[in-house]
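[1] below is the structure, and that's it, no one-letter string:
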């Protein structure tokens, strides 16, 4: 292995030399969604290559393919110029490709050392060689400078410590490619410094690093090149040293937005519908948040995943606990009411994770649409179901939302992501609501359906419904809301009025900037 | 619609047709046809009206228990204590009935009513405890009902000392055990009433739909304003109610209260449901299929009896059928994915 300092400026790697790891026209399709569309990517030895893009841009899909956890629908992977096929994470390991995902692959009930060597236990005479495992675990942890004891159980560790174990696991074998998915999200500054020192040592040894982060400061500090993905497509690869922050954000979000978003021709907002004062949740995912929403306006809630924007609305709806603060709905105190009472009072929350929280996947569209309104007409007379009334109502809604195919007796599971989303959104039309909260309404939804979902939301607001739009997708906040709150670490960081709703203003509170 | 796609897509039509039928109907119709053919060949007495009525009467107890088991499976759980509930209601019902009858020998009717009430109440109380554990304390249905199976069985044995309970009014057995009306045994009427009542409840009321919703997606149901805790609680109470009624009917048939009846009920009732296409993951299953599933198991047991298959081997066949049904369900899911148009 060469040990010259690796950096693109010095040109130590001739550009023609075969990259360490490369993808050509890699495509990944899920039913109804193309998560990756003919993406070319290459990783040179000794570089830190940052993957940049919004949530759902395809970063995670790409690294899961690079790590062997997922197989591409089309396209080819190359390792040092040779075509390879990775059927499993195990295959990838054989090439020295290791990944640290955000979702940990640790077994909580096992100890640190057992996790480190899981699947590759050293044995002697058929028995686990505990002393060797202990010795090597101590070596790895020492080399990484992580203050962990090998015999600790993983579920007793903090999240940052678990992250360290996950990273240490990647160092177990000979590394050629290390993939890190937002590794610093739960690390302290000190631990982050240490990780970056490690990365520097690795790149000196010629290891290539694929690095996903949202933090500009980190890109500046360790990035060599940046590849930007958007909607599953490759946009550009740029040099980290010469590309400005603003350029990056433009590349990340710069879709042609004109066609997707409907005109926001809303009347002046009416009376206050939702008034939240100083709400704090017991686990402090939301701290001292105050927001208000008025009839006929679309209020955005922006921020990173876990910033408290969803958690706040869930707490208001009664789907999460409230520690202190008050929630007023149309002037009445509804703090701590359960979803059932809130729905009957005209307040609906539609969750972000439709598969796990929104829909009964094996049941029909009809049953899914009707679910929240079976106690009222036309679905029942309160005691006995009105099957015909239900069928007519759902068929009408399916028509209005352009459900495709328009077969309401088919199981939701058999529809595309966009049409599944429509089935869930249709719920908001099954009874009268004064306030509807849409949590990430376009996740995993194709562009065409997105446009009709946006039109649907604006239509509800036109009719006077108060709308809350929770979104991690910046263009949605910019083009679809009349006012937005930006969340950061559980607090309302800013309230932006229509005139101030610009990319720069939102992002100023969205990401951790270099100054922070 | 699916018919003409089938003919268009498949040069090897018959196999594809069978595959589609399998996806649509599940394994049960195939098993029923095979069973009828096999047993008809093995015994001349099998396919006679008299024997089929016999099958129906013998299946009634399992059928009623399976109705309750289906509720538990629909909500994503199961109930392993149905056998115990059967036994406990039998013992308590018989003891109460015998005691009252001994004290007031001229009030047989009242004794029967009170005894049935006591038996059903005893069985339902097990379901109430199950429901509290599962719904309010999030105990897994497996642990909860397994534990209560032991508790209930222990109580039933303790109450009787393991000895059958005698002394019930003769009218009880004569009416509910051996009674006939228009040539049809009385227990069949009871089962028919229960099936119709549960059908109306499940498919004509919002609460019925909520059982499917809770099993289909607990979180989605809760976010849609459904009382998920209450629904889970009712599930186990209802399941116990059905098992307890089956227990009283069986007591009438046996003319004794027994702590040892119902041991095979958990397995057989789950088998009847699973063979009928009720999903172990919750949210899927139809009542009318479960009725057929219970009949199928009764048919197989009857057929094996007529074919003089040893009872120990019958248990082997039943277990194998259950596993076969689960495997068939898995295969079916794979076909569903490949055949979706």
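    Perfect, I can see it now. Worth saying up front: this structure is predicted, and the values here are computed from it rather than measured.

[2] list the contacts of residue A:87.
    Applying CB atoms under 8 Å, 6 or more residues apart in numbering or on different chains, we find residue A:87 in contact with A:68, A:71. The way it works is simple: take the backbone N, C-alpha and C, and place the C-beta from them, glycine included.

[3] cool, residue A:72 as well?
    A:23, A:26-28, A:36, A:65.

[4] name the nearest residue to it, ignoring sequence neighbours.
    Distance criterion CB to CB, 6 or more residues apart in numbering or on different chains; nearest residue to residue A:72, sequence neighbours excluded, is residue A:26 at 4.6 Å.

[5] doesn't that neighbour belong to a helix?
    No. Counting by DSSP: H, G, I helix; E, B strand; the rest coil, one finds residue A:26 to be strand, located in no helix.

[6] who's it bridged to?
    Counting by DSSP bridges, residue A:26 is bridged to residue A:39.

[7] okay, now it: neighbour count?
    For residue A:26, the neighbour count with other CB atoms under 10 Å in any protein chain shown is 24.

[8] the one 3 residues further on too?
    Look at residue A:29: counted by other CB under 10 Å, it has 14 neighbours.

[9] distance of residue B:82 relative to chain A?
    The gap separating residue B:82 from chain A is 25 Å, by CB to the nearest CB, to the nearest Å.

[10] pretty sure that residue is touching residue B:265, no?
    Yes. Taking CB atoms under 8 Å as the definition, residue B:82 is a contact partner of residue B:265 at 4.9 Å.

[11] show me the helices in the stretch 251-400 of chain A, by range?
    Here the stretch 251-400 of chain A has its helices, by DSSP state H, counting those that start in this stretch, at A:309-317, A:339-344, A:365-370, A:387-400.

[12] by mean pLDDT, which helix or strand of chain A comes out lowest?
    helix A:245-253 (a mean of 74; mean pLDDT, DSSP states H and E).

[13] residue contacts, residue 96?
    All of this is about chain A. Residue A:96 makes contacts with A:173-177, as judged by CB under 8 Å, 6+ apart.

[14] nope, chain B
    Residues in contact with residue B:96 (CB under 8 Å, 6+ apart) are B:114-115, B:118-119.

[15] before we move on, what SS does it have?
    Here residue B:96 is helix, with the state taken from three-state DSSP.

[16] pull the number of nearby residues for the closest residue to residue A:155 other than its chain neighbours.
    Nearest residue to residue A:155 in three dimensions, chain neighbours excluded: residue A:108, at 3.7 Å (CB to CB, 6+ apart). A count of nearby residues for residue A:108, using other CB under 10 Å, gives 12.

[17] I'd assumed residue A:154 was in contact with residue A:108.
    Yes. Residue A:108 is within contact range of residue A:154, at 5.2 Å (criterion: CB under 8 Å).

[18] that older thread, closest to chain B out of the contacts of residue A:96?
    For the contacts of residue A:96, the closest approach to chain B (CB to the nearest CB) belongs to residue A:177, at 33.5 Å.

[19] what parts of the stretch 201-341 of chain B come near chain A?
    By the rule CB under 8 Å from any CB of the partner chain, the part of the stretch 201-341 of chain B lying against chain A is B:203-206, B:208-210, B:212-213, B:216-217, B:219-227, B:279, B:281, B:283-284, B:340.

[20] can you flag the buried ones in those?
    B:205-206, B:208-210, B:212-213, B:216-217, B:220-227, B:279, B:283-284 (16 or more other CB atoms under 10 Å in any protein chain shown).

[21] in helices, which of these fall?
    Counting by DSSP state H, those place B:206, B:208-210, B:212-213, B:216, B:220-223 in helices.

[22] assumed residue A:99 was part of a strand.
    Yes. Note on residue A:99: a strand contains this position according to three-state DSSP.

[23] next, the distance between the ends of stretch B:277-294.
    12 Å (CA to CA, to the nearest Å).

[24] quick one, strands of the stretch 151-300 of chain A?
    Under the criterion DSSP state E, counting those that start in this stretch, strands of the stretch 151-300 of chain A are mapped to A:177-181, A:208-212, A:225-230, A:233-239, A:272-280, A:289-294, A:298-302.

[25] circling back: any chance of the contacts of residue A:72 in TSV, with pLDDT and distance to residue B:57 too?
    Shown next, in TSV, are the contacts of residue A:72 (pLDDT from 0 to 100; distance: CB to CB, whole Å):
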residue	pLDDT	distance to residue B:57
A:23	89	68
A:26	89	64
A:27	88	62
A:28	85	58
A:36	85	62
A:65	89	61
